[in-house]
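J.: Structure for the following, please:
(2 chains)
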Amino acid sequence: MMVGAVIEDSKAELADHLRAVAETRDKSAFAALFAYYAPRVKGYLIRLGTPPAQAEDLAQDVMVAVWRKAELYDPAKAEPSTWVFTIARNLRIDALRRDRHTHVDLDAEGVPELPDHSPPADQRVADGQRATLVRKAMAGLPPDQADVVRRSFFLGQAHTEIAETLGLPLGTVKSRMRLAMAKIRTALGAAGFEETEMHGDAS
Amino acid sequence: MTAPFKTAEGHHPSDAVLLAHGAGSLGGALSVVVEAHLADCDRCRNRVAEVEALGGVLLDDVAPAPLNGDKLAALLDRLDDLAPEPVRTVAPVVPSALGLDGITLPPVLRDRLAALPKPRWQTVLPGVAQVVLEADDGHGANLRLLRVSPGLRLPDHGHSGVELSLVLSGGFSDAGGSFGPGDVSEMDPHSDHRPIADPGEDCICLIAVEGTVRFRGLVLGPLQRLLGGG
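T.: Purely as a prediction, here's the structure:
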């Protein structure tokens, strides 16, 4: 067990660790996942403005969810980091709602429902390739497009707030987002759907 | 749940909205409408999956923030007591008083409706009724079901934020085209539209609106009385 050590696992190992947790409740595999993901989830939450102590608590909640949901992880549907990202995103949103004392979508044991946005079977790129393609596409985005993407993820700003903050017309921001998403989609080689712009499609 | 039927045809949320939703930066009310649309739309599910793949890459590359103390050891002690994720077997019960039994409702909406204490349709204007699901989601948006009688034109209204309307049953038409079940109408801030409910049946929508909805230019006896005028 690697308690206290920081382990830089390759992405393939992360998927292996998830499988080990799912199949045999392997604690050293979980420790490896914790060493990789807990500090990253904490870092992500802090960038979003979460106070460090709360970010740390949430990061642990994310790891608890990883332990409990490991059987539900399907490597054909998403990379490990995509899966953990969605758990972190959902838990952060639920924590914000809890803070406002409104209805929270938690099951009885406190682990939130994870909506399944996995792409349809004919759209799935081979394991491990997806992240590489996405990372390359992201690196290749023009600065103004990369900026609106980063603001969406790391400032928690929707397009309306981004337009206000940058003093840009809303249409400009929406356009940059549409172009960025189109580049990601092209990189993933998505095929099968007619991507014609239908009238009334607010893009 | 009906099989997914959405292709690129029809009306969908913009990429900007889908990006915000996947990134977790869309407010609660708007997110519910998007999630409800996704239940029946492969095209948009695919796009949100792409956004989440982006999220995964950004998570990999973010600067790690070390945790204080030995949190892992403390957690390992607890793990044996944590059961695997239970699979929910009981579907949420949608109150029958709403008369929605004939409509296939997306799971996220079923959950919200089942959680409401004693929901009822409230008349807003003659031929227009609503059920408020959330008065304020913390982002200044509200979430409601709206039911409009066939052929009725909604009064001219404006809003200071984004509006997303998902058709659940029936349909409507406005300058953006014709909208039927599963379609989403997305209106940018301060834009106007005057939807007309299709003939033949009530139009029932799930609507999230940011900012105030102002009804203008319409004089109605009951509305004036509601507002305390006349």
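
J.: quick one, helices of chain B?
T.: For chain B, the helices defined by DSSP state H cover B:15-23, B:28-38, B:42-61, B:71-79, B:107-115, B:221-226.

J.: for chain A, what helix or strand is lowest in average pLDDT?
T.: helix A:129-139 (a mean of 88; mean pLDDT, DSSP states H and E).

J.: Show the model's pLDDT score for B:Gly229.
T.: The model reports B:Gly229 with a pLDDT of 37.

J.: Kindly report the same for B:Glu50.
T.: 93.

J.: my read: it touches A:Thr186, true?
T.: No. Using Cβ atoms under 8 Å, B:Glu50 is not in contact with A:Thr186, being 10.5 Å away. The C-beta positions use only the backbone N, C-alpha and C, and glycine is treated the same way.

J.: Tell me the spatial nearest neighbour of B:Ser173, not counting adjacent residues.
T.: B:Ile196 (5.5 Å; Cβ to Cβ, 6 or more residues apart in numbering or on different chains).

J.: A:Arg178 too?
T.: B:Asp15 (4.3 Å).

J.: next one: A:Asp61
T.: A:Leu91 (5.6 Å).

J.: Checking the one you found next. Helix, strand or coil?
T.: helix (DSSP: H, G, I helix; E, B strand; the rest coil).

J.: Now do the same contact list for it.
T.: Neighbouring residues of A:Leu91 by Cβ atoms under 8 Å, 6 or more residues apart in numbering or on different chains: A:Leu58, A:Asp61, A:Val62, A:Ala65, A:Pro112.

J.: if I look at it, how far off is A:Val41?
T.: Distance of A:Leu91 to A:Val41, computed by Cβ to Cβ, to the nearest Å: 9 Å.

J.: so what sits against both of the two?
T.: A:Leu58, A:Val62.

J.: how about B:Pro150, what does it touch?
T.: B:Gly170, B:Ala197, B:Asp198, B:Pro199, B:Gly200, B:Glu201, B:Asp202, B:Cys203.

J.: dump the residue contacts of the spatially most central residue of chain B.
T.: In chain B, the residue lying closest to the centroid (Cα atoms, centre = their mean) is B:Val33, at 1.9 Å. For B:Val33, the contact set (Cβ under 8 Å, 6+ apart) comprises B:Leu143, B:Leu164, B:Ser165, B:Leu166, B:Val184, B:Leu206, B:Ile207, B:Ala208.

J.: between these, which is nearest A:Thr172?
T.: Comparing these against A:Thr172 with Cβ to Cβ picks out B:Leu164 as the nearest, at 20.6 Å.
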